[in-house]
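Enquirer: no FASTA, just this:
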Ligand code: SAH
């Protein structure tokens, strides 16, 4: 068990906790249907006019982006990120801590410069090696479900990819461990996250299906790739009272929530349909 840390990733969560999510009105109609980027693009701009707390996110140096001044570029600006969060809220994600974390992480910094202008549409996008950065809505949805359990002292992510979700997780959990099986992506995530100086993420190169027994058990486990079933090792590495959220299936996938009820009991429920890249064993 890890003691809660005083010093965390530099987002002022106090500003979040007190905030009532004004986008919460009429959110009861959670949509599980697949959204296309263009639908979302055309939809809502209401989030733009809402007052938001000033961000404390301050990436040390936005080395990757060729954009001269990120804050002034209309394609990757704070306003565009807020609009993305407003769309996520419209789709039913209500947790203000999760929404604020989504607002705070600059997703464009995890993408190739050629894709930066698409960073805040609600779509998965290629990150190389036949893998994708997850769709913002599904990241938010999974984190909201994870947060409905016990306090998140430690969370394990399977499938680091470019590191985006790990960065969001770092704002809602005390310690984040993330495993990636493709060496090149593990390196990419390291490079993406380094300038952000996030103190509570540990990246590991390895087969996530085996989990991390050396630091288990976990309050939360989140899989960013779909297997035909949840790997047994991960079920065993969940704390009693902990939650695991994972896409499960082949062509047709569902988001599955597993709660560990006791040493020998797990409860599983289906949340909604989803679409993820496949979970593979071994490393490359
Ligand atoms: N978390 C990412 C999503 C990455 S896509 C984001 O922030 O958007 C899913 C990732 O899971 C891919 O990079 C893929 O290589 C990885 N993956 C698949 N099977 C894995 C395994 N057994 N262990 C670790 N990573 C795995």
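Expert: That came through, no problem. Predicted model only: the values in this text are computed from it and were never measured.
Enquirer: Which residue is the nearest non-sequential neighbour of residue 141?
Expert: residue 93 (5.7 Å; C-beta to C-beta, 6 or more residues apart in numbering). Glycine gets a C-beta too; all of them are placed from N, C-alpha and C.
Enquirer: State whether that neighbour is indeed within a helix.
Expert: No - applying DSSP: H, G, I helix; E, B strand; the rest coil, one finds residue 93 to be coil, outside a helix.
Enquirer: and it, how many neighbours does it have?
Expert: Applying other C-beta atoms under 10 Å, we find 28 residues neighbouring residue 93.
Enquirer: Thought residue 138 was touching it, still the case?
Expert: No - at 9.8 Å, residue 93 and residue 138 do not qualify as touching, with contact defined as C-beta atoms under 8 Å.
Enquirer: now this structure, which segments are flagged as low pLDDT?
Expert: 1-72 (pLDDT under 70).
Enquirer: Spell out, range by range, the strands that occur in it.
Expert: With DSSP state E, the ranges of strands along the chain come out as 125-128, 131-133, 154-158, 175-180, 201-205, 218-223, 238-249, 253-262, 265-274.
Enquirer: Who are the packing partners of the first one?
Expert: Other helices and strands packing on strand 125-128, by 3 or more C-beta pairs under 8 Å, 6 or more residues apart in numbering; DSSP states H and E, are strand 131-133, helix 183-193.
Enquirer: so what secondary structure elements neighbour the first one?
Expert: For strand 131-133, the helices and strands in contact under the criterion 3+ C-beta pairs under 8 Å, 6+ apart are strand 125-128.
Enquirer: Name the residues of the strand it packs on that are buried.
Expert: Buried residues in strand 125-128, defined by neighbour count with 16 or more other C-beta atoms under 10 Å: 125, 127.
Enquirer: is it anywhere near the ligand?
Expert: No - for strand 125-128, no contact with the ligand is found by C-beta under 6 Å from any ligand atom; the gap never falls below 6.9 Å.
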